[in-house]
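1. need coordinates for the below:
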Amino acid sequence: MRRKPPAAPARRAGIRSLPACTAAAWLAIAGLGCHDHAAPSLDASADGVDTDATNPLTLDIGVSGCAPPAPGDACDTSADPGAATGPCCSGPPPLMLSFAPVGSRELTQFRWNFGDGTPATTERAPSHAYLHPGRYSVTLVGGASSTGMVTPPHPLTVIVQSLGVGTLCEVDAQCDDGLACLCAPGRGCPATFVRGICSAPCDAAPCGGNATCAALSVIPAAGGGTGAGAPPVCLAACESDGDCPAGLVCATLPAGASAAAAPWTRACIPLGTLQAVGAPCRDANDALDDGACATGLCADIGALGVCSAACDDGHPCPDDAACVLLPDGGPRCLTTCPASDCARDPLLACAAAPRADGTDDVTVCSPKSCSSDTTCAPSGICGPNAVCVRTGS
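-> Numbering: from 1, shown residues only. Below is the predicted model:
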């Protein structure tokens, strides 16, 4: 029987299949090796006619760790589906992605290029981290010792988004234009700042979007130290901890000059960075630590000290606190009961105290009343104003 000439192998649309060693330079670039191979063998059919059993090679890029493009991203084609240019995914930095080849089993050698200037890799299923915002094109070449090479029909486009106000960051380049990574590692902020926060000064201009202008006393000042020379900054606004990214909590802070008329604002900061009004504030050496308090004042009240603030008609206290006259005569912000947990300090108790404006009394967490040292022992003594004071105060 006369043999039929073998039919040309079909090609999958968009897949580029190259015979082995047709371009030595291309193979060298791909790093997949170059060898001469005979034409594919012909299989014998049941009727004795040889047929071409060669299958077309296929290859595509599988990826996990990112989402489909968000509206407005460079790969978003929702407004014009006909403009699709290939697979695309997006996410914020640092964006850690895992890749895998999807295609013909014959392919055993691969070369990945991540499009960000880092070296290519020949791992089969590599992982890669994109640290900076931008648009990156991921390409892949697959091959085997007895086949040609193949590439996916389109590269994978990775969109790394820039970060807005209040978002955790590691370097300035990750933040939106006009923002910097406040308290990034190595910039002299407390250890609670494991990562920085995208922010900008707001002493001259208001914060936009879902942000608020707040005074953050732990920021290093231009002339050294913290607090006093540092301008207020834009932080993510919040009402509760649930409004903040993981690792941040909603704290009450002094409002910056460009904020609303209220003297206090709520913003997201790292857990443990600053204590609210009413929290204890003595350090490990039993010294009063003003820097531990969001208000910048650690008052000598109780055994553990109390974060407080001076107050008057023009400078009201935060929510859950009241401006009261203490036995020593000074108006101070103290937390109201039952919002305050007075039991953590043995020299404090919920008791009525006169408001500084003279209107009425309010129940706050204040020094215990006493008539003898027995009431205050062992942490303190009964002071001259018939309230418990810390021994040695």
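2. nearest residue to the spatially most central residue of the chain in space, please, no chain neighbours.
-> The structure's the chain has its C-alpha centroid closest to L168; by Cα atoms, centre = their mean the separation is 3.0 Å. Nearest residue to L168 in three dimensions, chain neighbours excluded: R195, at 4.5 Å (Cβ to Cβ, 6 or more residues apart in numbering). Placement of C-beta: from N, CA and C, glycine included.
3. that neighbour reaches E170, doesn't it?
-> Yes. Here R195 reaches E170: they are 5.8 Å apart, a contact under Cβ atoms under 8 Å.
4. shared neighbours of the two, anything?
-> Common neighbours of R195 and E170, using Cβ atoms under 8 Å, 6 or more residues apart in numbering, are A184, P185.
5. which other residues reach the host helix or strand of R111?
-> R111 is located in strand 109-113, with elements delineated by DSSP states H and E. Under the contact criterion Cβ under 8 Å, 6+ apart, strand 109-113 has outside partners 30-33, 99, 101, 120-124, 126, 138-145.
6. so where does the closest residue to C202 other than its chain neighbours fall, helix or strand?
-> With Cβ to Cβ, 6+ apart as the criterion, C202 has its nearest non-adjacent residue at 3.8 Å, and that residue is C213. Counting by DSSP H and E, the element that carries C213 is strand 211-214.
7. quick check, A294 in contact with C307.
-> Yes. Applying Cβ under 8 Å, one finds A294 in contact with C307, separated by 7.0 Å.
8. which residues do these two both contact?
-> Q275, A276, V277.
9. in CSV, list these along with neighbour count and secondary structure.
-> Formatted as CSV, these follow (neighbours: other Cβ atoms under 10 Å; DSSP: H, G, I helix; E, B strand; the rest coil):
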residue, neighbour count, secondary structure
Q275, 20, strand
A276, 17, coil
V277, 27, coil
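10. okay if I get those residues as CSV plus distance to D300 and pLDDT?
-> Putting these into CSV (distance: Cβ to Cβ, whole Å; pLDDT from 0 to 100) gives the following:
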residue, distance to D300, pLDDT
Q275, 15, 91
A276, 18, 90
V277, 15, 92
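11. show me where the protein has helices.
-> Along the chain, counting by DSSP state H, helices occupy 24-30, 373-376.
12. how about A237, nearest residue that isn't a chain neighbour?
-> Nearest to A237 is T212, by Cβ to Cβ, 6+ apart, at 4.1 Å.
13. is that neighbour bridged to anything, and to what?
-> Beta bridges link T212 to L235, judged by DSSP bridges.
14. now do it against A255, distance only.
-> 7 Å (Cβ to Cβ, to the nearest Å).
15. now swap in D60 and tell me
-> Noted for D60: a distance of 53 Å to A255, by Cβ to Cβ.
16. so P263 is in contact with G256, correct?
-> No. P263 is beyond contact range of G256, at 10.3 Å (criterion: Cβ under 8 Å).
17. compare the two (neighbour count), which wins?
-> Counted by other Cβ atoms under 10 Å, P263 and G256 do not tie: G256 has more neighbours, with 22 against 15.
18. show me what contacts the more buried one?
-> By Cβ under 8 Å, 6+ apart, G256 lies in contact with C202, D203, C213, A214, A215, P231, P232, V233, T265.
19. hmm, the third one is touching P206, no?
-> Read that as C213. Yes. Between C213 and P206 there is a contact under Cβ under 8 Å: 6.5 Å.
20. so where's the stretch 201-350 of the chain uncertain?
-> The stretch 201-350 of the chain contains residues with pLDDT under 70 at 221-230, 257-261, 329, 339-340.
21. in it, which spans are strands?
-> 211-214, 233-236, 248-254, 264-270, 298-299, 306-307, 321-325, 331-335, 348-354 (DSSP state E, counting those that start in this stretch).
22. dump these into CSV; add mean neighbour count and distance to S379 as well.
-> Output for the strands of the stretch 201-350 of the chain, formatted as CSV (neighbours: other Cβ atoms under 10 Å; distance: least, Cβ to Cβ, whole Å):
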stretch, mean neighbour count, distance to S379
strand 211-214, 26, 34
strand 233-236, 28, 37
strand 248-254, 21, 28
strand 264-270, 24, 31
strand 298-299, 23, 17
strand 306-307, 28, 14
strand 321-325, 22, 22
strand 331-335, 25, 19
strand 348-354, 18, 10
